[in-house]
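K.L.:
give the three-dimensional model of this entry:
(3 chains)
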Amino acid sequence: MDKAPPAGVLGSVYQRLLAAYGSQHWWPAETPFEVMVGAILTQSAAWTNVEKAINCLKEADVLNAAALYRINETELSRLVYSCGYFRAKARKLKALAGFLEESCGGDLEKLFAIETGELRRQLLSVHGLGPETADSIVLYAADKPSFVIDAYTRRIFSRLGLASGKESYDELKRLFENNLPADVPLFNEYHALLVRHGKDACCKRPLCADCCLRDICKRPPI
DNA sequence: GGCCAGGACACCA
DNA sequence: TGGTGTCATGGC
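P.N.:
Here you go, the predicted structure:
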């Protein structure tokens, strides 16, 4: 980004994460549709297992809206078996395909032309698309500024003393959106960096010596 | 063998 | 409105 760094505490956290990990180049997908499918498959699943399922969908040539709309749900569940909750996720993918077919005839450019807030509301009406999944789609597939809150974000900001951990999803989302410029590359990178940091071993145990947020973390040191 | 991983939904008090 | 059970595989 060739823009001024974001200000305030949230900007400071972002700068530390970016300095520690560098750009994350998210979302790891080749197309916006792949982002949408990945956003569902990654629900409570490790990304390595999601990649296997994505590859199975590619090999079966069903990683597009029209094919996903046509495929049998049982067959679909077999293809996404590796990432767990395979029956539930097959149902969610079929719901997504049905929504795309009915709302825009599978034309994502048409769908993504909808205003950000309205797009988010429409996505939330689809079975299987909760707030995090919908925001991931809005940000990473539609390229619109909607901050994604996940378990890592909640945990990291609780430990920083910037959140209680009991806020609703929308309350925590507002914390970011009210204190950061509505900038897609910034939202993209910030969420990716939080996930990257959250996966670090130092984030899963008492504060460790090399944590990039060590001097502002409220956790007791080792 | 147990825990966790880039959640969401259904049901109940 | 908030809490709890359920969905389920794979890696460590």
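
K.L.:
helices along chain A, start to end?
P.N.:
Using DSSP state H, the helices of chain A run over A:8-21, A:32-41, A:47-59, A:65-70, A:73-79, A:86-104, A:108-111, A:116-124, A:131-136, A:151-159, A:169-177, A:184-199.

K.L.:
mean pLDDT lowest for which of those helices?
P.N.:
For these, the weakest mean pLDDT is recorded on helix A:151-159, namely a mean of 92.

K.L.:
what's it in contact with?
P.N.:
With contact meaning Cβ atoms under 8 Å, 6 or more residues apart in numbering, helix A:151-159 is reached by A:163-165, A:167, A:172, A:175, A:191, A:194-195, A:197-199, A:203, A:213, A:217-219. No exception for glycine: its C-beta is placed from N, CA and C like everyone else's.

K.L.:
tell me what angle that helix forms with helix A:169-177.
P.N.:
Between helix A:151-159 and helix A:169-177, the angle comes out at 70 degrees (axes from the mean of the first three to the mean of the last three Cα atoms, to 10 degrees).

K.L.:
DNA strand B contacts on chain A?
P.N.:
Contacts of chain A with DNA strand B, taken as Cβ under 7 Å from any atom of the strand, map to A:26-28, A:38-39, A:42-47, A:49, A:84-85, A:88, A:126-134, A:136, A:140, A:150-152, A:169, A:195, A:198-199, A:204.

K.L.:
show the overlap between these and what lies near DNA strand C.
P.N.:
By Cβ under 7 Å from any atom of the strand, the members of the residues of chain A next to DNA strand B lying near DNA strand C are A:S44, A:A45, A:A46, A:N49, A:G84, A:Y85, A:A88.

K.L.:
separation between the most centrally placed residue in chain A and DNA strand C?
P.N.:
Centroid check for chain A by Cα atoms, centre = their mean gives A:S136 as the closest residue, at 3.9 Å. According to Cβ to the nearest atom of the strand, to the nearest Å, A:S136 stands 18 Å off from DNA strand C.

K.L.:
tell me the contacts of the nearest residue to that residue once chain neighbours are set aside?
P.N.:
The shortest distance from A:S136 to any non-neighbouring residue, by Cβ to Cβ, 6 or more residues apart in numbering, is to A:A39 (4.3 Å). By Cβ under 8 Å, 6+ apart, the residues touching A:A39 are A:T133, A:S136, A:I137, A:Y140, A:A141.

K.L.:
how does it look with 10 Å?
P.N.:
The contact partners of A:A39, by Cβ atoms under 10 Å, 6 or more residues apart in numbering, come to A:27, A:29, A:50, A:96, A:123, A:128-129, A:132-141, A:148.

K.L.:
which residues touch A:L93?
P.N.:
A:L93 makes contacts with A:36-37, A:40-41, A:57, A:62, A:68-69, A:71, A:73, A:76-77, A:79-80, A:128, as judged by Cβ under 10 Å, 6+ apart.

K.L.:
only whichever of those residues are buried, select them in ChimeraX.
P.N.:
Buried members of the contacts of A:L93, defined by 16 or more other Cβ atoms under 10 Å, are picked up in ChimeraX with:
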select /A:36,37,40,41,57,62,68,69,71,76,77,79,80,128
